[in-house]
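In: From the sequence below, what's the structure:
(chains A and B)
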Amino acid sequence: MDKLSTTTDSREQQQDSLYDAGLKSLVKSLQIVFIFLVIIIIGMLLRFLTLEGYFHVKKSQEAVIVLRFGKYVNTFDKGWHWFLPYPVHQFIRFKTNRQILKVNFLPVRRPGPPGQPQQGRPLVPGQDYYLITGGANIIHTEWVINYKIIDPKAYFENTSWPKNPMDADEIEKGDIPGTRGPQTMLRAFLHDAVIKVTGSMKVDAILTQQKLVYKNKVLDVLSKNLKKMNCGIEIIDLDLNNVAPPVSTRGAFTAVTNAGTAASALIDKAKEYKVREENTVQTKVAQINADATVYKTVVVSQSKADSVYFDSIYKEYKKNPDTVLMALYNNTLSEVLDKIDQKYIIGGSKSKQEVRIKINPELIKEKNQDLN
Amino acid sequence: MTTKNKFFTHWPTLLLGCIVASFFLVAIFSFQIDETETAIVTTLGTPSEKPVEPGLHMRWPYPIQDVYRFDRRVRCFSGTVAKDGQETSTRDNQNIIVSIFINYRITDAKKFYSSLVTISKGEAQLNNWMRGVTLEVFGRYNFGQLVNVNPKKMCLTQIQNEILKKLRAQAKPSGIEISFVGINSLNIPESISKSVFDRMIQERKVEAEKFLAEGRSEAQRIVTEINRKRDDELAKATAKAKEIRAQGDADAAKYYATYRKSPELAAFLRKLDSLRTIMKSKTTLILDTNSAPFDVFKMDAEKLKAGPRK
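Out: Next comes the predicted model:
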């Protein structure tokens, strides 16, 4: 009996020692796991307290706003900084460099029959975008807004920015889908400014000589409205990249431009004629005056010379009239006859035979030499 | 080993455990409100009297207390008609398609929570108000007061202010402040746009004709004017020239007085001058023997001896 109980006791002891060994192994492995977990926790705590609190701000491109338990602390626009990380501090990063937003009032390009243009197709609101001018005409425009955040604190407090402020506006997918954010607001403000200014101007003024005035008016309205909102955004510049009438009407607008050019050409031609005629008239007037003056000079000089000649002849004529007359006559006749090519003297007798004498006929040889 | 000994042996582990536990406790029993938020704390469903200001606050955990946060920044909202617009008629029965946008913010979180609860429901309500007010206000103006080159007749700003006033009155009891109302789009129905194109083309044709007519008229005026001036100046110059010639003749005539001494001699000398002027080259002259000096051909020898008769 004792032997049996001894055997049972030793078997139980063996089982107890096996059980103790298993427990010891389990405890040991749990201790190892625990130590491992402690190391991880300490590592996370160290990382949390050191690296998570560091941030760097790129100068002229970013600004970082620091909140302590949600309250505003400061705005940083350059350098390295450290604060206790979340949940004590939050760091919100904004872009402060120049940003661009494009806004278009254009028709959508819809596929149609090949080769057929979009002319004559009516505009569908909601798909095609356009503006109505002061004379109830239609135009299309393309705008580019250049803007930047100049007051990060005002922007942070007053403007609804997305979860990550560096991203584009968020798209709400709830009951009323659409984007919400600063770009949405800017786009809406530009729509408002453009619609108002376009509706107060004539189409021809916008398309031609007052394009710059149009753009500046829109910029003025846009800037004023943004300033009222105190949203920390400033418009650097507004570009009007394109302004055009609807496709269907472009031919008619071109015809107006061509008509203007043709009208200017007609006027220029008339002015050219005017200049030419003015010069011609001046020349003719001068010529007429000169001719008259020359005539006067000549006729007076001639008369004076004639009177002097007459007086000198008269002196001699008084002394011997017949002789003077004959001498003058013969001198004149000989002078005149010398110039005349063909001279004939015919007889004055009453006989049937007529004598004709040719005076100083030209020799044929001399004539040929003269011709050569 | 005694309990006290066990404590001193395992104190780092206990300390670490306390730190982690305290983080969890702080997280459960506190909450933060950002500068951009406003919040309402409900205690067993009853909202607090005043909204919670930005910062760290203590609270009991859910379900005892709950925190409802609302963004208090300005949101730009255009409603369901942002893209397509809302068709309405003006006072003079012109159909237009218009959409507006508003900038709003939640200024009273308690009122907002009591009436609208969430942003989504709030915007749905705003959308309804916006549609109603838009129809009402635009329907009181003529089309010519929406677009007009005469600034005195253009009333878009007035329309915006009227819509803003009405919406503010409607939204204020819900804790919403509307700071701006703007026009998002102003269009005409598709069926009317075609007739607008035709009208624009016709107007441009008239404009082109007008330009050409004005150009022709101006060119004609310039030509007529210069022709008139030319004829005028030539006539004046001709008249002046006549005067000069007359003056010359008059001056020359002063010298003719000397011819009174012997008019016959003067006439004879004039004839001789005329002969010189008229008789030039390429002329054929026929004289007979009755003309001097060729009359010598008729004289016989006896007469030659005697000499010419006195």
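In: For chain A, what's its nearest residue on chain B.
Out: Going by Cβ to the nearest Cβ, chain A is nearest to B:Gly215 of chain B, at 2.4 Å. C-beta: built from backbone N, CA, C; applies to glycine.
In: downstream neighbour of the helix or strand harbouring that residue in the secondary structure list?
Out: Using DSSP states H and E, B:Gly215 falls within helix B:190-255. Once the chain leaves helix B:190-255, the next helix or strand it forms, by DSSP H and E, is helix B:263-278.
In: and the closest residue to the residue of chain B closest to chain A other than its chain neighbours, how many residues sit next to it?
Out: Nearest residue to B:Gly215 in three dimensions, chain neighbours excluded: A:Ala263, at 2.4 Å (Cβ to Cβ, 6 or more residues apart in numbering or on different chains). A:Ala263 sits with 21 neighbouring residues when counted by other Cβ atoms under 10 Å in any protein chain shown.
In: Likewise for the one 4 residues further on?
Out: A count of neighbours around A:Ile267, defined by other Cβ under 10 Å, yields 18.
In: Could you look up the SS state of the residue in the stretch 201-350 of chain A that chain B sits nearest to?
Out: Going by Cβ to the nearest Cβ, chain B is nearest to A:Ala263 of the stretch 201-350 of chain A, at 2.4 Å. Classification of A:Ala263 using DSSP: H, G, I helix; E, B strand; the rest coil returns helix.
In: ok, it - contacts?
Out: Contacts for A:Ala263 (Cβ atoms under 8 Å, 6 or more residues apart in numbering or on different chains) come out as B:Phe211, B:Leu212, B:Glu214, B:Gly215, B:Arg216, B:Glu218.
In: try 7 Å
Out: B:Phe211, B:Leu212, B:Glu214, B:Gly215 (Cβ atoms under 7 Å, 6 or more residues apart in numbering or on different chains).
In: Tell me how far the third one lies from B:Arg221.
Out: Translated: B:Glu214. 10 Å (Cβ to Cβ, to the nearest Å).
In: and if you look at B:Glu37?
Out: 75 Å.
In: So if I had to pick from these two, which one is more boxed in?
Out: More crowded of B:Glu37 and B:Arg221, by other Cβ under 10 Å: B:Glu37, with 20 against 12.
In: My read is that the more buried one contacts B:Arg73, right?
Out: No: under the criterion of Cβ atoms under 7 Å, B:Glu37 is not in contact with B:Arg73, lying 8.7 Å apart.
In: that older thread, please tell me how far the helix holding B:Gly215 is from the chain's geometric centre.
Out: 33 Å (Cα atoms, centre = their mean, to the nearest Å).
In: where does the stretch 51-200 of chain A have low pLDDT?
Out: For the stretch 51-200 of chain A, the stretches flagged by pLDDT under 70 are A:110-120, A:173-175.
In: how about the strands in it?
Out: A:54-57, A:62-68, A:71-76, A:79-82, A:89-95, A:99-105, A:131-132, A:138-149, A:170-172, A:178-180 (DSSP state E, counting those that start in this stretch).
In: what about these, which gets the closest to A:Pro246?
Out: A:Pro246 lies closest to strand A:138-149 among the strands of the stretch 51-200 of chain A, at 5.4 Å (Cβ to Cβ).
In: for that closest one, packing partners?
Out: strand A:99-105, strand A:131-132, helix A:182-198, strand A:233-244 (3 or more Cβ pairs under 7 Å, 6 or more residues apart in numbering or on different chains; DSSP states H and E).
In: will you turn these into a markdown table that also has distance to chain B and mean neighbour count?
Out: Converted to a markdown table, the helices and strands packed on strand A:138-149 look like this (distance: least, Cβ to the nearest Cβ, whole Å; neighbours: other Cβ atoms under 10 Å in any protein chain shown):
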| stretch | distance to chain B | mean neighbour count |
| --- | --- | --- |
| strand A:99-105 | 9 | 15 |
| strand A:131-132 | 5 | 22 |
| helix A:182-198 | 3 | 24 |
| strand A:233-244 | 11 | 16 |
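In: Output those as CSV; include the columns distance to B:Ala82.
Out: Listed next are these as CSV, based on distance: least, Cβ to Cβ, whole Å:
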stretch, distance to B:Ala82
strand A:99-105, 14
strand A:131-132, 17
helix A:182-198, 9
strand A:233-244, 21
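In: quick one: which of the ones you listed is nearest B:Ile163?
Out: For the helices and strands packed on strand A:138-149, the distance to B:Ile163 is smallest for helix A:182-198, at 12.1 Å, taking Cβ to Cβ.
In: Next secondary structure after that closest one?
Out: Next along from helix A:182-198, by DSSP H and E: helix A:203-207.
In: now the angle between strand A:233-244 and the very next helix or strand once past that next one, please.
Out: Counting by DSSP H and E, the element after helix A:203-207 in chain order, helix or strand, is helix A:211-229. Orientation of helix A:211-229 against strand A:233-244 (axes from the mean of the first three to the mean of the last three Cα atoms, to 10 degrees) gives an angle of 150 degrees.
In: what's next to helix A:211-229, contact-wise?
Out: A:158, A:189-190, A:193-194, A:196-197, A:201, A:206, A:233, A:235, A:238, A:240, A:243, B:74, B:103, B:179-180.
In: Kindly format the C-alpha coordinates of it as CSV.
Out: Only the C-alpha atoms of helix A:211-229 are listed here, as CSV (Å, rounded to 0.1, in the frame of the first residue of the first chain):
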residue,chain,number,x,y,z
LYS,A,211,-11.2,95.7,-73.8
LEU,A,212,-8.7,97.0,-71.2
VAL,A,213,-11.4,99.2,-69.6
TYR,A,214,-13.6,96.1,-69.4
LYS,A,215,-10.9,94.0,-67.7
ASN,A,216,-10.0,96.8,-65.3
LYS,A,217,-13.7,97.3,-64.3
VAL,A,218,-14.0,93.6,-63.6
LEU,A,219,-10.8,93.6,-61.6
ASP,A,220,-12.0,96.6,-59.6
VAL,A,221,-15.3,94.9,-58.6
LEU,A,222,-13.7,91.6,-57.8
SER,A,223,-11.0,93.2,-55.6
LYS,A,224,-13.6,95.3,-53.7
ASN,A,225,-15.8,92.3,-53.0
LEU,A,226,-12.9,90.2,-51.8
LYS,A,227,-11.7,93.0,-49.5
LYS,A,228,-15.2,93.2,-47.9
MET,A,229,-15.0,89.5,-47.1
